[in-house]
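> compute the structure for the input listed below.
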Amino acid sequence: MENERALIDRRSTSTVSGLTVRSTGLAAATLLGGLLCVVVAYPLLVPILWATVLAVLACPLHQWVKRRLEYPSIAAAFVAGAVALLVVVPFAFIVAQLLQQIADGAARLQSSEASRLWQDALARQPQLATLIEWVGQRVDLKSLVGQWTGGAAKFLQELLAGSIASVAGWLIMFFMLFFFLRDRVRMLAGVERFLPLTGAETHEVFKVTADTIQATVYGTLAVGLVQGTLGGLVFWWLELPTPLFWGAVMALLSVLPVLGAAIVWMPVAAYFALQGHWPDALALTAFGAIVIGLIDNLIYPLIVKDRLHLHAVPVLVSIIGGLIVFGASGIVLGPLLLAVTDALVKIWRRRLGIQVGGATTAADGSNSSGPHVET
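Take a look at the predicted model:
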């Protein structure tokens, strides 16, 4: 009997050891496969991110169209095509026009007329002429400005060429948008099964994700629209050429932190000062710095901060840090990472029974009133 019991114990130990080895091997293989999937998908991070953003924004339109069309694929294709037109056409037009304006400006700077206008401006400002002369003895300002303008034109040309070269990325983005719209319910259900969260917790994370995307995009668009409109109006009031175009450029550049629309109006104010038009220069500087510059602090926090229920400082850090780390995609990805992380921390606090917002919940999350995301 003892020999049989010892044999059974050895077999049990061997079985447990075998299961442990197989489980460890399976976990290692799963982890390796997941890492390889991330490596494979990383080059497509930007198209995937923006396809997700566009899918969240276009979801109400897609639901409206789907109720009126019998075939889901046709409804998704129609909405994806409409979104593509709304995104690509204005962007291509503004970049092409801006490239033309900078090329014309570079040509004017290299002409003899530009030199004459420059000398006339210095003649009207003797103090400024003295300063320019002192600086000019150490720096070739005209050559520097010409190089900067030429470099800006070259940069935009490379940007346009890069946009053309990356047309595959745009196609992939809209291709993914089609499937994100058509198969949204199944995809969300698959993600819900994969996440180690309860149903209410998963819906809470989904809602935070959707709210963050909508808040950041709509907040950015609102700020850009207001800044571009005000900038175009002040350019029109000062009788500057093509105020509508430059208003659109200021709206596009408003997504950049710190400078934003100032990239457009500051050189114009400097030009007015050189020409001796101090009232116009001071008016444009004051309007740009006080009115246009403060729009970010008035509109954006109202749309983003209040909807995400986060303090303005971490939101600002997430936006600037996101832009530095992820480029243009960081304006959405930075706040999104912050908001989702904040939601996960709140879920952990509820599971541990720690007081959150004046109330505690059970560890299993069954009492969580996590918001529901319509699928």
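> quick one: the helices in the stretch 251-375 of the chain, in order.
Assigned by DSSP state H, counting those that start in this stretch, the stretch 251-375 of the chain shows helices spanning 262-274, 278-286, 295-303, 305-308, 312-326, 330-351.
> now the residue lying closest to residue 336 once chain neighbours are set aside: which helix or strand?
Of all residues beyond its chain neighbours, the one nearest residue 336 is residue 212 (4.8 Å), with distances taken as C-beta to C-beta, 6 or more residues apart in numbering. For glycine as for every other residue, the C-beta is placed from the backbone atoms N, C-alpha and C. Secondary structure here is read from DSSP states H and E; on that basis residue 212 sits in helix 199-237.
> helices or strands next to that helix in the packing?
helix 45-68, helix 184-194, helix 243-253, helix 262-274, helix 295-303, helix 305-308, helix 330-351 (3 or more C-beta pairs under 8 Å, 6 or more residues apart in numbering; DSSP states H and E).
> I'd like those helices laid out as CSV, including mean pLDDT.
Converted to CSV, the helices and strands packed on helix 199-237 look like this (pLDDT from 0 to 100):
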stretch, mean pLDDT
helix 45-68, 89
helix 184-194, 86
helix 243-253, 82
helix 262-274, 80
helix 295-303, 71
helix 305-308, 72
helix 330-351, 88
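> show the contacting residues for the residue nearest to residue 336.
In this structure, residue 212 makes contact with 308, 332, 335, 336, 339, 340, judged by C-beta atoms under 8 Å, 6 or more residues apart in numbering.
> any chance of those residues in JSON lines, plus neighbour count and distance to residue 24?
Formatted as JSON lines, these follow (neighbours: other C-beta atoms under 10 Å; distance: C-beta to C-beta, whole Å):
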{"residue": "308", "neighbour count": "23", "distance to residue 24": "41"}
{"residue": "332", "neighbour count": "23", "distance to residue 24": "38"}
{"residue": "335", "neighbour count": "26", "distance to residue 24": "38"}
{"residue": "336", "neighbour count": "25", "distance to residue 24": "34"}
{"residue": "339", "neighbour count": "26", "distance to residue 24": "35"}
{"residue": "340", "neighbour count": "14", "distance to residue 24": "30"}
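> and which of these is nearest to residue 243?
When these are compared for distance to residue 243 (C-beta to C-beta), residue 332 comes out closest, at 29.9 Å.
> quick revisit: so for residue 28, which of the helices and strands packed on helix 199-237 sits nearest?
Closest to residue 28 of the helices and strands packed on helix 199-237 is helix 184-194 (C-beta to C-beta; 19.0 Å).
> okay, now the domains of this structure?
Domain assignment for the chain by automatic domain parsing gives 41-194, 198-368.
> for stretch 176-192, list every residue counted as buried.
Using 16 or more other C-beta atoms under 10 Å as the burial criterion, the residues of stretch 176-192 that qualify are 176, 177, 178, 179, 180, 181, 182, 184, 188, 192.
> which members of those residues define the maximum pairwise distance?
Taking C-beta to C-beta, the two most distant members of the buried residues of stretch 176-192 are 178 and 192; they sit 21.9 Å apart.
> ok so, going back, which one among the contacts of residue 212 gets closest to residue 231?
Checking the contacts of residue 212 against residue 231 with C-beta to C-beta, the nearest one is residue 332 at 23.8 Å.
> tell me the spacing between that closest one and residue 224.
Residue 332 sits 14 Å away from residue 224, going by C-beta to C-beta, to the nearest Å.
> can you count the residues close to residue 338?
Taking other C-beta atoms under 10 Å as the neighbour definition, residue 338 ends up with a count of 20.
> scratch that, residue 194
9.
> the one 4 residues further on now?
By other C-beta under 10 Å, 17 other residues sit near residue 198.
> likewise for residue 100?
If we define neighbours as other C-beta under 10 Å, then residue 100 has 12 of them.
> before we move on, which element is it in?
Using DSSP H and E, residue 100 maps to helix 72-109.
> what is that helix packed up against?
helix 45-68, helix 141-165, helix 167-182, helix 243-253.
> average pLDDT across that helix?
Mean per-residue pLDDT for helix 72-109: 78.
> quick check: closest non-adjacent residue to residue 48.
Here the residue nearest residue 48, using C-beta to C-beta, 6+ apart, is residue 176, at 6.3 Å.
> which residues touch that neighbour?
Neighbouring residues of residue 176 by C-beta under 8 Å, 6+ apart: 47, 48, 51.
> related to what we said a few turns ago, and residue 42, which of the helices of the stretch 251-375 of the chain is closest to it?
helix 312-326 (11.8 Å).
> give me the buried positions along the closest one.
Of the residues in helix 312-326, those buried under the neighbour-count criterion (16+ other C-beta under 10 Å) are 314, 315, 316, 318, 319, 322, 323, 326.
> now the second one: how far from residue 300?
Noted for residue 315: a distance of 9 Å to residue 300, by C-beta to C-beta.
> residue 295 versus the residue nearest to residue 288 when sequence neighbours are not counted, what's the distance?
The spatial neighbour of residue 288 that comes closest, neighbours along the chain excluded (C-beta to C-beta, 6+ apart), is residue 265 at 4.3 Å. Summarising the geometry, the distance separating residue 265 from residue 295, computed by C-beta to C-beta, is 13 Å.
> these two: who's more crowded?
Between residue 265 and residue 295, residue 265 has the larger neighbour count (other C-beta under 10 Å), namely 24 against 19.
> pretty sure the more buried one is touching residue 247, no?
No. Using C-beta atoms under 8 Å, residue 265 and residue 247 do not qualify as a contacting pair, with a distance of 10.5 Å.
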